[in-house]
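1. Fold the stuff below for me.
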Amino acid sequence: MADQVDAGVPDLAGASKQKLEEVMTSQSEHAKQFIDQNFDGMQTLIRNLRTSAFKGLTGFADNLAHRRQVYGSNEMPLARRRSLFHFLLYSMKDWILIVLVIGAIISLVLGLVYPESCKGVINGEVAWYEGVGILVMVVLMILISALSDYLRDADFRCQQKRVHMEERVTVIRDSGAVKDILKSELVVGDLCLLKAGSLVAADGVVVQSSDLVVDETLFSRSERHKSVVDPLVFAGTHVVKGTGKFIVLAVGASTQAMMQLRLGDPASPGIELQPAPAGPINNKGSQNLLEFKRHKEENATLEGKVNRVAVALGYIGIAVALITMIVIMVHFSVTNYYTNEKPAKPEDVNMYVRAFIMGMVVLVVSVPEGLPLAVTFALAFCTKMMYNKQSLVKHMDIIETMGNVSNIYCNKTGVLTEHRMRVDRMFIADQLLDGDPKVYKHKIPSELLDDLFKAISLNTSYSSQIQPAGRDHLPVQVGNKTDCSLLQLMLEMGETYQYWRDDHPEDRFVKVFAFTSERKSMTTVLEKEKDGFYVYTKGAAEILLPRCTSTITTDGKMRPFTDEDRERLRKEVMEEMHKQALKILVLACRSLSDSDKGLLEDEAKVLEDLTLMAVVGIEDPIREKVPEAIWKCDRAGIRVCMVSGDSIQTARAVAARVGILKPDEDILMYTGQEFNSYIRDPDGKVNTDRFNSMWPKLKVLARATARDKYTLVKHVMGSGVNRQGEMVAVTGAGVHDGPVLRKADVGFTMGVSGSDVAKDSADVVLLDDNFGSIVWAIKWGRNVYNTVVKFLMFQFTVTWSAFIVVVIGACVTGRSPLGATQLLWVNLIMDSLASLALTRDFPTDDLLRHQPYGRHKALIGRTLIRNVVGHVIFQLVVMFVLIFKAHEWLDIKDGFQTDTICQPSQHSSLVFTTFVFMQVFNEINSRSVHGRNMFKGIHRNIVFICIWIAQVSIQVLIVEVFTRAFNTKGMDAEQWLWCIFLGLSELIWAQVIYTFPKTWLPLFLRCGVTGHPKGRHINWIRSTSRVDQKDSGPAAAFKLNVADHPPPPATPTGVMPITPEDEHWRGPTAADERL
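-> Numbering: from 1, shown residues only. You can find the predicted model right below:
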């Protein structure tokens, strides 16, 4: 009856939501007693949930939908999505724009009350059109700003949805079928599988376990062994070792983790407030839950540098704005009251108001709100493109860090290799067999073959399966790939492993010593039909071969296995397997009598006097494009080091094949033991001098533990060998790789073979487990950095040209050559529109031809300064020549004389249009920072082309149609051709600039070597500065993640003690959860 499963809408009255929550809030050690008292035992609880401890739920849609209706969904609570109107209100909080609007209104009113007199003619329309023009431009800026924020918020939400779409959980449904489903699809009553490295996706009760240990430090408890006595598991915790199954009792907001979150953060959006029940959670544990899944702030180097540049520009802008106001006011006062000796008039206030407005406009232009906007758009675009290339970025700010990576420490299995294992050859019955298993199986004694089939079927994880061929027409390996290689060998020999498994279900196993990287073996103990026990084990050769005392001969008889046999096997068989980069696995067995039952808890005694069954060489083919990717890393100045749990011989062979090891190169290869012996002093502390002398040459670290990898990564990051500093990327997939993934500048994990803990700790998930995706990610990271530099180059040119023209023009003519509405249009071009246009370029392989920027590379380098200074000089020469001489060449009225500057003219329109066209054509120049071909790849950037055409078209309309609002006058064909020619000359001048070497500039001119973690200093300059936007992005779009899982706290006996250098390491020594 306990296995009753309803196919339709089940009656769940016997297991109410409140009762199930009471089960989870009971103390873990009292849970069994509570279940017995309230449900008459576990079987009744399972029956009331209408599920099965063996077959799971029947996944009909009405059954699952009814469970979600009764118990809730397992989706992450989302904050309400902000509307466009919300961002409009947010953008209107900008105090500079508010002051500008007030000034425009005052100017409009004063202009109507005291109309301006130009050459003795009263013109009341000037103030009206100019005031309305400023207001319209401010409204347009607010609309574009709000739309940009809205789109950015949408990008962040889409990114988080991609992350949640990759969160999956393994369940048993539909009469025992193993399925991978989305975490959000989990319902109460589901039967979930657990293994080492799994994150527990919901609260539940364990119904079957084998040496299952769960880390519950999230709830301020240590690792706990789960059994019938302590059966509760909680969402947010993770499995340290062992396997098991649990039935879900609470999901989503009803889990203890989410209740604790509400207890500590009652104002959390997206969650309905309820009293948090008493239970196993305490206040100390809530401190973990209330933390964001914040990325390593110190690694966001680009953000800090951008903030520093933005703050500097803000200060300079304030100074220029004040200078502009003072110059215009002083010039008017001196000219009007001192030189011309005119009396003061009420309409003179208009000039002072206009001077104030011009100062505010200059301040608007100076604040680089487009700079962080460009960074955000570039990151969002790169994140989307990388997802299309099978790289899931969990933290957008990590993209730029990827571009600065100088060292990659990667796993072998699943990263450099395909992680599709197969048995290439095997030594069995004193003979080495390879080729077609169907052929050579007849050379194996029948009794030994049966034992081999039984050992493979039962001493492998039951979650490991071979499923029908997939899209590549190859069998699909599900679960542990080493186990799958053995199961596939059975299938190739014509035997079915499921027959043996059905006859021996897991709950009938006497004892299982699950694989860990400390054991390097897996052992299963079965009860014989009559007396005694069978012991089947598999593992690393150095662990099991010394324990073998007998073997099977070709005629099926048992004989002693001597030291001579062991040495001959090593030299004649295993060394050749190592040369072929094969992973070596030993299979052995023994029989125990009933009198030996007391030994079953002692693994060492169980593994005595083993009989060698077989030694298999498992092939894991090199990924097709890995050697090319390694070559690209080498060309890009990125060191690649392989950290593997395999033997030094196998690791060396694979490293040589993929190109990590090169002929005649001075390199080092260590095992984990040799590595620690070399770098550590007798007291266990790392010797910095010895470490720094070693790591630049280290290419292979074999038989390494997770702690070895952590030590290596930590001390390379802090090394002073390179003046620019080291940026380290690391790959990890195992349950104990969490600490090193969090420690590294960039943590990569595997989407297919990675454990849940590794995926939770990593910054980037490689959905295809491919090393080539890391190279692709680095290229996109460099593209982001390059994009920011391109935008800075463009914005600096526009800003400084406009500043100098405005200030000098005001000094000479008393008014700015560029009007207020004209400058606002220029600001729109260089901020919002440019941030869209310049952030949509695709990366090229040229980005991989230079060395990494490093941690301390200046954002504003000599190349950028050379380009900006060159273009600014050119534009200033053109502008001032046009201002002072163009009217003579073109035989038009001088528009900048004291008595004519108050009127729109073709001369001033020519100057304004030429300035805009030079910026528009320089926008094309800005697509390339280092190269001469600025048109390369422009056909792929449709956004750039559309925005560029729109900018030119709008400028034509401004001059020819909206003349009064922008103080312009229509021009003839000759004048337009001059504007176009002078704009096009920017493209030619760029080629001249590239001929000047940047080395002519001194190093001290560089800026942005370091940066502020936050852009707080600019907030008082402009309240809506996007440098520190708090009202959009992932924090506003989504609720906090449930927990930032701390690493396991214990270190096993016999391992080197933790030293002060390893203070952040709290995990047991482990390398990888696969053999």
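
2. Could you identify the helix or strand that succeeds the top helix by length along the chain?
-> Across the chain, the longest stretch assigned as helix under DSSP state H is helix 771-813. As assigned by DSSP states H and E, the chain's next helix or strand after helix 771-813 is helix 820-828.

3. ok, residues contacting that next one?
-> With contacts defined as CB atoms under 8 Å, 6 or more residues apart in numbering, helix 820-828 is touched by 130, 133-134, 137-138, 140-141, 144, 354, 357-358, 361-362, 364-365, 798, 802, 806, 816, 818, 912, 915-916, 919, 954, 958, 965-968. C-beta here means a position set from N, CA and C on the backbone, and glycine is covered the same way.

4. Narrow these to those in helices?
-> Those of these mapping onto helices are 130, 133-134, 137-138, 140-141, 144, 354, 357-358, 361-362, 364-365, 798, 802, 806, 912, 915-916, 919, 954, 958, per DSSP H.

5. what number of residues lie near Leu929?
-> To be clear, residue 929 is Val; Leu isn't right here. Neighbours of Val929 under the rule other CB atoms under 10 Å: 17.

6. ok, now how distant is the residue lying closest to it once chain neighbours are set aside from Ile357?
-> Using CB to CB, 6 or more residues apart in numbering and skipping residues adjacent in sequence, the residue nearest Val929 is Val789, 5.3 Å away. The gap separating Val789 from Ile357 is 33 Å, by CB to CB, to the nearest Å.

7. Between these two, which is the more surrounded one?
-> Neighbour totals were compared for Val789 and Ile357, and Ile357 leads with 23 against 19 (other CB under 10 Å).

8. show me what contacts the more buried one?
-> Taking CB under 8 Å, 6+ apart as the test, what Ile357 contacts is 100, 103-104, 107, 134, 820.

9. same deal with Leu668?
-> Leu668 touches 694, 697-699, counting by CB under 8 Å, 6+ apart.

10. Same check on Val535?
-> 523-525, 589-592, 606-607, 610.

11. Okay, and which of the residues you listed map to helices?
-> Val606.

12. Kindly reformat the contacts of Val535 as JSON lines containing distance to His850 and pLDDT.
-> What follows is the contacts of Val535, written out as JSON lines (distance: CB to CB, whole Å; pLDDT from 0 to 100):
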{"residue": "Thr523", "distance to His850": "52", "pLDDT": "94"}
{"residue": "Thr524", "distance to His850": "54", "pLDDT": "94"}
{"residue": "Val525", "distance to His850": "59", "pLDDT": "94"}
{"residue": "Cys589", "distance to His850": "58", "pLDDT": "95"}
{"residue": "Arg590", "distance to His850": "60", "pLDDT": "95"}
{"residue": "Ser591", "distance to His850": "65", "pLDDT": "93"}
{"residue": "Leu592", "distance to His850": "64", "pLDDT": "92"}
{"residue": "Val606", "distance to His850": "58", "pLDDT": "92"}
{"residue": "Leu607", "distance to His850": "54", "pLDDT": "93"}
{"residue": "Leu610", "distance to His850": "56", "pLDDT": "95"}
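
13. Any stretches of the stretch 901-1050 of the chain with poor pLDDT?
-> For the stretch 901-1050 of the chain, the stretches flagged by pLDDT under 70 are 901-902, 1003-1050.

14. Let me know the helix or strand that Arg866 is in.
-> Taking DSSP H and E as the definition, Arg866 sits inside helix 862-889.

15. Helix, strand, or coil at the residue located most distally from the centre of the chain?
-> The C-alpha centroid of the chain is most remote from Glu341, which lies 68.2 Å away (CA atoms, centre = their mean). Put simply, Glu341 is coil when judged by DSSP: H, G, I helix; E, B strand; the rest coil.
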